[in-house]
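**Student:** Fold the stuff below for me.
(chains A and B)
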There are 2 protein chains.
Amino acid sequence: MVYINSNDIAKYDKRFRTNLINALTGFKSVSLLGTINAEGISNLAIFSQIIHVGANPPLIGILFRPHTVERHTLENILSNKEFTINHIPASHTKNAHHTSARWDKSEFEACGFTPEYTEMFKAPYVKESNIRLGCSFVERQDIQANDTVFIIGEIKEICLVDSVLQDDGFVDLETAGSITCSGLDSYHTTNKIARYTYAKPDKEPEEL
Amino acid sequence: MVYINSNDIAKYDKRFRTNLINALTGFKSVSLLGTINAEGISNLAIFSQIIHVGANPPLIGILFRPHTVERHTLENILSNKEFTINHIPASHTKNAHHTSARWDKSEFEACGFTPEYTEMFKAPYVKESNIRLGCSFVERQDIQANDTVFIIGEIKEICLVDSVLQDDGFVDLETAGSITCSGLDSYHTTNKIARYTYAKPDKEPEEL
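**Tutor:** Numbering: from 1, shown residues only, chains lettered A, B, ... in the order given. Just a heads-up that it's a prediction; the model follows:
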């Protein structure tokens, strides 16, 4: 085993530390966040700090670093209270990564994605995505430790490609082609190991 | 496409809605959280609400539902300010899932995991895990929308199996055997698509 402590972490150069720490939380949710500003200019940005917050009401959380290129997304959410979350199909991995560059035009056009709108939201969905969520702003928490901002949103609309929604509500992300990521720049497809039954102490979990 | 709105979500039965909403955030980080209480009884619980918060200082965030079986983990963190995060190797997926049952003894013994300690932490690591993080409590944020609790921890110690740390700080989670999960009960291994270069607007990302 390799053992690394706080002193080591502090001494690493910035790029090494950033690669290391970003990888340690394991495989991550990764999606494209779609927003629109007051002038009607759409924005699309790749995010990996997204977590489930609750099922009823249906809530998700996103952590923002307000002093980076991602600030447009946060500004748009705070000003018009809407955003979309769009899973990334494996076929569009490189396009999705490219949205993280500092574009001076909409990332939709720049990176080869098509905006699509529903009646409910001004914020654009990504047509190439097979799982899309329309969300409204609910709550903001400012993290004291490093000035990041934790935004809670409620899922108001769900758009799923046919065939991924199963009888018990489970969504088959592999059939949808959704990817996961690790670190800052690594992208992965998945292979299902198993779904297991609700765990009880008196018996081993069984495959569903 | 299948379109689902807020009214539909509210009308679903609880189990269907829970499966659905838990799947929508995409593939998730999943790890075993190790803690210990004042009486010296260790606790091990599987968590999928873990996100990267920052690299300098090295911070992670975990979202807790305080009114569930997971409360022991949160209580232990709040009382002794320590916890460990242990990636789950694919070989121990079923064991890890089984920690979510309501055990009346330590989940280490019950589910076939071995506690291991370093000089720095009272909280137990999981010997079977190839990527382990020792963390200290930093900050608590209470989410108003659904009474969940967002805990920020600082990574103080990193234990990595040999060969997963690369020259630029990137950690190869696939070589470590770390899994990802989706929904409440589905577990997956991964296949790398690519690592891409830092994105710039004037050129396509290239594979690293």
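**Student:** now the strands for chain A?
**Tutor:** Remark: strands assigned in chain A by DSSP state E are A:2-5, A:28-29, A:31-36, A:42-47, A:50-55, A:58-64, A:82-87, A:115-116, A:125-126, A:131-142, A:149-160, A:180-182, A:186-195.
**Student:** by contact count, what packs against the last one?
**Tutor:** Using 3 or more Cβ pairs under 8 Å, 6 or more residues apart in numbering or on different chains; DSSP states H and E, the elements in contact with strand A:186-195 are helix A:173-176, strand A:180-182, helix B:93-98, strand B:186-195. (Glycine included, C-beta is placed from N, CA and C.)
**Student:** Next, format those as a markdown table and append mean neighbour count and distance to residue A:4.
**Tutor:** A markdown table is the format used below for the helices and strands packed on strand A:186-195 (neighbours: other Cβ atoms under 10 Å in any protein chain shown; distance: least, Cβ to Cβ, whole Å):
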| stretch | mean neighbour count | distance to residue A:4 |
| --- | --- | --- |
| helix A:173-176 | 19 | 32 |
| strand A:180-182 | 28 | 18 |
| helix B:93-98 | 24 | 24 |
| strand B:186-195 | 19 | 21 |
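**Student:** can you redo these as JSON lines with distance to residue B:14?
**Tutor:** Formatted as JSON lines, these follow (distance: least, Cβ to Cβ, whole Å):
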{"stretch": "helix A:173-176", "distance to residue B:14": "22"}
{"stretch": "strand A:180-182", "distance to residue B:14": "27"}
{"stretch": "helix B:93-98", "distance to residue B:14": "21"}
{"stretch": "strand B:186-195", "distance to residue B:14": "19"}
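**Student:** could you dump the ones you listed to a markdown table with mean pLDDT and distance to residue B:162?
**Tutor:** Below are these laid out as a markdown table (pLDDT from 0 to 100; distance: least, Cβ to Cβ, whole Å):
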| stretch | mean pLDDT | distance to residue B:162 |
| --- | --- | --- |
| helix A:173-176 | 98 | 31 |
| strand A:180-182 | 98 | 19 |
| helix B:93-98 | 98 | 23 |
| strand B:186-195 | 98 | 20 |
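**Student:** out of these, nearest to residue A:157?
**Tutor:** Nearest to residue A:157 among those is helix A:173-176 (16.6 Å), distances taken as Cβ to Cβ.
**Student:** which outside residues touch the closest one?
**Tutor:** For helix A:173-176, the external contacting residues (Cβ atoms under 8 Å, 6 or more residues apart in numbering or on different chains) are A:87, A:89, A:130-131, A:160-161, A:163-164, A:189-192, B:23, B:26-27, B:182, B:188.
**Student:** switch the cut-off to 10 Å
**Tutor:** A:87, A:89-90, A:129-131, A:160-166, A:179-180, A:189-192, B:23-27, B:180, B:182-183, B:186, B:188 (Cβ atoms under 10 Å, 6 or more residues apart in numbering or on different chains).
**Student:** out of the strands of chain A, nearest to residue A:100?
**Tutor:** When those are compared (using Cβ to Cβ), the closest one is strand A:42-47, at 5.4 Å.
**Student:** number of nearby residues for the residue lying closest to residue A:183 once chain neighbours are set aside?
**Tutor:** Spatial nearest neighbour of residue A:183, excluding adjacent residues (Cβ to Cβ, 6 or more residues apart in numbering or on different chains): residue A:23 at 4.0 Å. By other Cβ atoms under 10 Å in any protein chain shown, 27 other residues sit near residue A:23.
**Student:** now residue A:203
**Tutor:** For residue A:203, using other Cβ under 10 Å, the count is 10.
**Student:** list the contacts for it?
**Tutor:** Here residue A:203 is in contact with A:197, B:98, B:101 (criterion: Cβ under 10 Å, 6+ apart).
**Student:** Kindly report the same for residue A:33.
**Tutor:** Taking Cβ under 10 Å, 6+ apart, we find residue A:33 in contact with A:43-47, A:50, A:62, A:64, A:70, A:72-74, A:76-77, A:83-86, A:99, A:123, A:126, A:135.
**Student:** Nearest to residue B:57 among the contacts of residue A:203?
**Tutor:** residue B:98 (34.1 Å).
**Student:** Any figure for the gap between the nearest residue to that closest one once chain neighbours are set aside and residue A:92?
**Tutor:** The spatially closest residue to residue B:98, leaving aside those adjacent along the chain, is residue B:111, at 4.7 Å (Cβ to Cβ, 6+ apart). Going from residue B:111 to residue A:92 by Cβ to Cβ, to the nearest Å gives 39 Å.
**Student:** which other helices and strands contact the helix or strand bottoming out on mean pLDDT in chain A?
**Tutor:** Using mean pLDDT, DSSP states H and E, the weakest-scoring helix or strand in chain A turns out to be helix A:71-80, at a mean of 93. Helix A:71-80 sits against strand A:31-36, strand A:42-47, strand A:58-64, strand A:82-87, strand A:131-142, strand A:149-160, with contacts defined as 3 or more Cβ pairs under 10 Å, 6 or more residues apart in numbering or on different chains; DSSP states H and E.
**Student:** Correct me if wrong: residue A:12 contacts residue A:6.
**Tutor:** No: checked against Cβ atoms under 10 Å, the pair residue A:12 and residue A:6 is beyond contact range at 11.2 Å.
**Student:** neighbours around residue A:71, how many?
**Tutor:** Residue A:71 - counted by other Cβ under 10 Å - has 13 other residues nearby.
**Student:** can you tell me how far residue A:204 sits from residue A:119?
**Tutor:** Noted for residue A:204: a distance of 48 Å to residue A:119, by Cβ to Cβ.
**Student:** the more surrounded of the two?
**Tutor:** Each of residue A:204 and residue A:119 has its neighbours counted (other Cβ under 10 Å); residue A:204 has more, 13 against 5.
**Student:** ok, that one - contacts?
**Tutor:** Contacts for residue A:204 (Cβ under 10 Å, 6+ apart) come out as A:196, A:197, B:94, B:95, B:97, B:98, B:111.
**Student:** Pick the one among those residues closest to residue A:146.
**Tutor:** residue B:97 (32.7 Å).
**Student:** ok, that closest one touching residue A:200?
**Tutor:** No: in this structure, residue B:97 is not within contact of residue A:200 by Cβ under 10 Å, at 11.1 Å.
**Student:** State the distance from the closest residue in space to residue A:100 that isn't next to it in sequence to residue A:45.
**Tutor:** Nearest residue to residue A:100, sequence neighbours excluded (Cβ to Cβ, 6+ apart): residue B:199, at 4.4 Å. Separation of residue B:199 from residue A:45 (Cβ to Cβ): 11 Å.
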